[in-house]
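Engineer: Pasting the sequence and the predicted model now:
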Amino acid sequence: MNINLIKTEEDYQEALARLDVIFDTPLDSPDGDEADILSILIEKYEDEHYPIGPPDPIEAIKFRMEQMGMKKSDMAEILGYKSRVSEILNKKRKLTLEMIRRLHEKLNIPYETLIADY
């Protein structure tokens, strides 16, 4: 096992290729240990070079609606009128504090996501 820090894109691609080869090895083997270490190094490199920003509040609402099998009419019970739901989902109206509270309570969407700019 010869593992180096991932400093460049080339190092990153090599680490991904190696991990692909040893990914399904038993956990309690030398290759399994190498896979664990490579996973940590790859994750660190990706966090630094390919950060994922916070989700858009409206996209988070749409995603949760899809997960829960909800329709706009279901959202009207949370946000008010059906026309208001359309305005919000089309980003023509901003979420109010009361809407944010209800969305958090009913859909369990984190406050941090709901208060983000969009």
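Structural biologist: Here it is on my side, so go on. Residues are numbered from 1 along each chain as shown.
Engineer: Could you pull out the helices in this protein for me?
Structural biologist: Ranges of helices in the chain, per DSSP state H, are 9-22, 30-49, 57-68, 72-79, 82-89, 97-107, 111-114.
Engineer: For the nearest residue to residue 91 once chain neighbours are set aside, give me the pLDDT.
Structural biologist: Spatially, and ignoring its direct neighbours in sequence, residue 91 is nearest to residue 58 (5.8 Å; C-beta to C-beta, 6 or more residues apart in numbering). Just so you know, the C-beta spots here come from the backbone N, C-alpha and C atoms, and that holds for glycine as well. On the pLDDT scale, residue 58 is placed at 97.
Engineer: mind listing what residue 65 touches?
Structural biologist: 71, 74-75, 107 (C-beta atoms under 8 Å, 6 or more residues apart in numbering).
Engineer: Out of these, flag the one nearest to residue 49.
Structural biologist: Nearest to residue 49 out of the contacts of residue 65 is residue 107 (C-beta to C-beta; 32.4 Å).
Engineer: Was I right to think the closest one contacts residue 68?
Structural biologist: Yes - with contact defined as C-beta atoms under 8 Å, residue 107 reaches residue 68; the gap is 7.1 Å.
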